[in-house]
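Q: Need a 3D model of the sequence below.
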Amino acid sequence: MQAVRSLFISQWSSDVSLEGKTAIVTGANVGIGKETAKDLASRGARVILACRDMAKAEQAVRDIMREVEGARVVAKQLDLADTKSICQFAENVYNSEKYLHFLINNAGVAICPHATTVDGYELQFGVNHLGHFFLTFLLLDLLKHSAPARVINLSSSAHAMGRIHFEDLSGEKDYHPVRAYAQSKLANVLFTRELAKRTEAFGVTTYSVDPGVVNTEITRHIGRPLLDVIKTMGMLFRTRQRGAYTTVYCTVTPEHLLHTGGYYRDCASAKSCRAGQDDGIASKLWAVSCHLLGICWR
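A: Below you'll find the model as predicted:
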């Protein structure tokens, strides 16, 4: 019933201006990311669409500029499945931007056949968690310089089905696409929780978001029978605009009304699953992620 109820929440709105602010939205060429970028642009923000497919990204830029008068949007290439691409993107940002106020880690892959990133990580864990973990690490100095700043990580209600399989993060022993997706979404919640502890003193706050069930390109690996089951269970798809509401809410709501490290759904604070509140698992995941990426992030 929660899914049905939340579909019909009153339409959230805010007139907060983001003039003079800069935002990065990963995976902003389609779906929730594109709607998020369009909303931020309509508020006056300079928005960087960080996308793997530059043809689609440039089309998204044209669409937003056509729909939002005076929109300041640009596209930059970013492949979250390739750490070299992430490094190149971060270098590009530092060379072109004086400030970064919002990093919205929106991109993702879901429930796909077993595959690996360029660096050999299981694709869902590698893109949804490690890619954004590494991107945030590389851009943190610019976020601190621009404080107050925010990092928003898109998770999912599927995180509640997740478990961090430290002994088999890449699913080499036993891969299941749904289990791997749930693991990556739980990792988003845990990363947010641990990041908040390490950055609040620097004026950088962070939030994880459940956008609800939205039929975007991320569902392309879900078969029609499963989509029909989702609908039968009452988990009706939201529009992409509604799917972006909580992300935008966590971007523009005054800081004192939000809880850094928190989990948000339907434009309100919500409780993540018990595993998502486990500080021990969050700390271990942080350490393992740093080890996998070969970085030192204290």
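
Q: Give me the contacts around stretch 277-295.
A: 83, 121, 129-130, 133-134, 137, 164, 166, 169, 187, 190-191, 193-194, 271, 275, 296-297 (CB atoms under 8 Å, 6 or more residues apart in numbering). Bear in mind the C-beta positions are built from the backbone N, C-alpha and C, glycine included.

Q: what about 10 Å?
A: 83, 86, 119-121, 125-126, 129-131, 133-134, 137-138, 163-164, 166, 169-170, 186-187, 189-198, 261, 263, 271-272, 275-276, 296-298 (CB atoms under 10 Å, 6 or more residues apart in numbering).

Q: hey, where'd the strands end up in the protein?
A: 22-26, 46-51, 72-77, 102-105, 149-154, 204-210, 263-265, 268-270 (DSSP state E).

Q: Need the ones you listed in JSON lines (columns: distance to Arg242 and mean pLDDT).
A: Listed next are the strands of the chain as JSON lines, based on distance: least, CB to CB, whole Å; pLDDT from 0 to 100:
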{"stretch": "strand 22-26", "distance to Arg242": "17", "mean pLDDT": "98"}
{"stretch": "strand 46-51", "distance to Arg242": "20", "mean pLDDT": "98"}
{"stretch": "strand 72-77", "distance to Arg242": "21", "mean pLDDT": "98"}
{"stretch": "strand 102-105", "distance to Arg242": "17", "mean pLDDT": "98"}
{"stretch": "strand 149-154", "distance to Arg242": "14", "mean pLDDT": "98"}
{"stretch": "strand 204-210", "distance to Arg242": "12", "mean pLDDT": "98"}
{"stretch": "strand 263-265", "distance to Arg242": "12", "mean pLDDT": "97"}
{"stretch": "strand 268-270", "distance to Arg242": "14", "mean pLDDT": "97"}
